[in-house]
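Engineer: Here is the input, now give the coordinates:
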Amino acid sequence: MNKKLLEVRLRRRLTVVQISHLAQVSEKTYRRWEAGTNFPRMYNLDLLCTTLHETPENLGFDPAGYAHSVEEESKIEFVVDDASNPNVVTLRKEEVETIAYMLQLGSGVNDVAKVDNSRRQAILEILGITGMVLMPEPFRELVVSGVRTSAIGMESLDHFHDLVRTCWKLSSGSEMSVAEQILPTFLPKVMAYARQQSPYQMLAAGIASQGLQLNSILVAHKLDMSAKIAMCDQAIEYAQLSRDKNMLVAAIIQLAIAQRYANQPKKALQSYQLALHHVNDISPLLQARVYVEASESLAVSGEEQGALKLLTKGYEVFPDNPQEDVSHLFADCGRYTLALYNGLTHCELGEYKAAWSGYETINSEKADTPERIRLEIVNNQAVSAISMRDLDLAVKHITEGAVGAKRIDSSKRFDEAQNAYKLAKVVWPMEKLIKDLAPLFH
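Structural biologist: As a prediction, this is how the structure comes out:
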C-alpha cells in the first residue's frame, strides 16, 4: 500500500473522485496507485505533483525507476480528412501514446514502426496535419533527464505553443480523444514553469491558460462539469499572470459556458458581465463572442431588449477576416458562433422560427466549423424543429446528432441528442418515426 499517497490525500481532505480528476485518470486507476498495485505514467505523476505541490518522493513514488502501469486498452477513432477517400481509423491507446511521445520528445517518423503497419500511414497523416516541428534538443534533454523546470527557455516554450496549437486543431475535428492524450504530456510542466519568476513567466502563463481552456472543453464532452469549472478557474488564474486581457476574457467565457452547462444561469450571467467589463480592451473576434453569448444569457433571464441589442452588436463587431485576429487560436470562435447563439437567443425568447433561421446560417460555414460545435447546432435544431412541430426535421436532426456524437466520442453531444429524443417522445408519443429512433440511444 502507498501510505504516503494516502496520507497526502487525507491531509488535503480530498476524496478519491476529486484526486482522480486532478490526475486525469479514472477512480479505478487511482485506487490502484494508492493500493500500491500499479504506478502512474510519468505525465500523470507530473500532473499530480504540480497540482498538489508535492515531489514524487512525498507521494511515495521513485521517479528514477518505478514501473509504468499497464492500463486497460482503449480505442480511439481518428478520421482522416480526405474528401476523395474519407476513412475512419481506429487507434489503440498505445498507438495514441506513440503520437504523444513523438510530439513530446521530437522523435523521428521511424518511431511509427512501433505501430501496426495497417495504421502507420494514418499516424503519419496525423503528424502531417499538425504541421509540428520536432522537439528542440535542449528540451529533449530536459524531459528525458528530469532537469528542473527552471531550465526551460524560449525555444522550448515555442514548442509548447506549437503543441497547444496542434491540440486545438485536433479538437476541431473528430480527434478530441487524441488531443486529450497529448495535453497531459506537457501541460503540467508549463503550469509549473509559469508559477516561477523568470523572463518568460508571462508567456508560459499564457500557454498554460490556453491549454487549460482547451482541456476544460475536452472534459465537458465527458460530462464532467465540476472538472471543467475547476480548470476554468485555473485558466483565469494563469491568464491573470500572463497580463493578457484577451486570454483572460477567453478563460472567463469558458467559465460562463461551464456554469451554463452545470445549470447555473445566474453565475453564467455574472461571468459574462465580468467579460463585458473588459470588452473595450480585447480583440474584435473575442468582442463578438462575448456579445453573442451574453445575449443568450440575458434571454434566459427574460431581458429581451438587452439580449437582442447584444446579439446585434456581436454581428457588427465580428471581423471580416477572423483568422487574422490576434486571439484566433484560443478564441474558439467563428461565424458558426454567431449562428449558434443567434439560434439559442431566439429559442430562449420563444421565437422558434427565428431560432431555426439563425441556426441555418451555419450551412454556408460548414468547412470552417469544428465538428463538436456543428453537432451542438444540430442538436439545438432538433429542439427547434420539435417546438415548431416539424416531425421530419426533428427526426433528421436527432438522428444526425446521435450518430455524430458517437463518431466524435462526445457524451455531451450524445446527451443533448438524447434529451431532444425524450422531448420528441412527449410531443409525438405514438409516432412510429420517433419510436424507430430508440435503437440510437441503447
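
Engineer: from here on, contacts and neighbour counts on C-alpha atoms
Structural biologist: Will do.

Engineer: so what's the residue nearest to residue 371 when sequence neighbours are not counted up against?
Structural biologist: Excluding the flanking residues, the one nearest residue 371 by Cα to Cα, 6 or more residues apart in numbering is residue 173, at 5.4 Å. Residues counted as contacts of residue 173 (Cα atoms under 8 Å, 6 or more residues apart in numbering) are 79, 370, 371, 372, 408.

Engineer: Relative to residue 415, how far out is residue 173?
Structural biologist: For residue 173, the distance to residue 415 equals 19 Å [Cα to Cα, to the nearest Å].

Engineer: Residue 427 too?
Structural biologist: From residue 427 to residue 415 the distance is 19 Å (Cα to Cα).

Engineer: Wait, residue 253 touches residue 273, no?
Structural biologist: No. Applying Cα atoms under 8 Å as the test, residue 253 and residue 273 come out as separate, 10.1 Å apart.

Engineer: Looking at these two, which is more packed in?
Structural biologist: residue 253 (26 against 19; other Cα atoms under 10 Å).

Engineer: State whether residue 164 is indeed within a helix.
Structural biologist: Yes. Assessed with DSSP: H, G, I helix; E, B strand; the rest coil, residue 164 lies in a helix.

Engineer: those helices in the stretch 251-400 of the chain, which residues are they?
Structural biologist: Here the stretch 251-400 of the chain has its helices, by DSSP state H, counting those that start in this stretch, at 265-277, 284-300, 304-317, 328-331, 335-348, 352-360, 371-387, 391-408.

Engineer: Could you export the ones you listed as TSV, including distance to residue 54?
Structural biologist: Compiled in TSV, the helices of the stretch 251-400 of the chain are given as follows (distance: least, Cα to Cα, whole Å):
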stretch	distance to residue 54
helix 265-277	32
helix 284-300	37
helix 304-317	45
helix 328-331	30
helix 335-348	41
helix 352-360	48
helix 371-387	36
helix 391-408	36
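
Engineer: any idea which of those is most buried?
Structural biologist: helix 284-300 (a mean of 26; mean count of other Cα atoms under 10 Å).

Engineer: other SSEs contacting that one?
Structural biologist: Helix 284-300 sits against helix 245-261, helix 265-277, helix 304-317, helix 328-331, helix 335-348, with contacts defined as 3 or more Cα pairs under 8 Å, 6 or more residues apart in numbering; DSSP states H and E.

Engineer: possible to save the ones you listed as a markdown table with distance to residue 11 and mean pLDDT?
Structural biologist: Below are the helices and strands packed on helix 284-300 laid out as a markdown table (distance: least, Cα to Cα, whole Å; pLDDT from 0 to 100):
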| stretch | distance to residue 11 | mean pLDDT |
| --- | --- | --- |
| helix 245-261 | 28 | 96 |
| helix 265-277 | 31 | 96 |
| helix 304-317 | 47 | 97 |
| helix 328-331 | 36 | 90 |
| helix 335-348 | 44 | 96 |
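
Engineer: Take these and write them to JSON lines, including distance to residue 55.
Structural biologist: Below are the helices and strands packed on helix 284-300 laid out as JSON lines (distance: least, Cα to Cα, whole Å):
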{"stretch": "helix 245-261", "distance to residue 55": "29"}
{"stretch": "helix 265-277", "distance to residue 55": "35"}
{"stretch": "helix 304-317", "distance to residue 55": "47"}
{"stretch": "helix 328-331", "distance to residue 55": "32"}
{"stretch": "helix 335-348", "distance to residue 55": "43"}
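
Engineer: who wins for proximity to residue 201 among those helices?
Structural biologist: helix 245-261 (14.6 Å; Cα to Cα).

Engineer: For the closest one, list every residue counted as buried.
Structural biologist: 245-261 (16 or more other Cα atoms under 10 Å).

Engineer: Could you do stretch 425-441 as well?
Structural biologist: Applying 16+ other Cα under 10 Å to stretch 425-441 flags 425, 428, 434, 437 as buried.

Engineer: Now for those residues: which two are most distant?
Structural biologist: Maximum distance among the buried residues of stretch 425-441 (Cα to Cα): 12.3 Å, for 428 and 437.

Engineer: ok, back up a step: which one of the helices of the stretch 251-400 of the chain lies nearest to residue 39?
Structural biologist: Comparing the helices of the stretch 251-400 of the chain by Cα to Cα, helix 391-408 comes nearest, at 29.7 Å.

Engineer: mind giving me JSON lines with the contacts of residue 173 and columns for distance to residue 282 and pLDDT?
Structural biologist: Formatted as JSON lines, these follow (distance: Cα to Cα, whole Å; pLDDT from 0 to 100):
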{"residue": "79", "distance to residue 282": "35", "pLDDT": "43"}
{"residue": "370", "distance to residue 282": "23", "pLDDT": "91"}
{"residue": "371", "distance to residue 282": "26", "pLDDT": "91"}
{"residue": "372", "distance to residue 282": "25", "pLDDT": "93"}
{"residue": "408", "distance to residue 282": "32", "pLDDT": "91"}
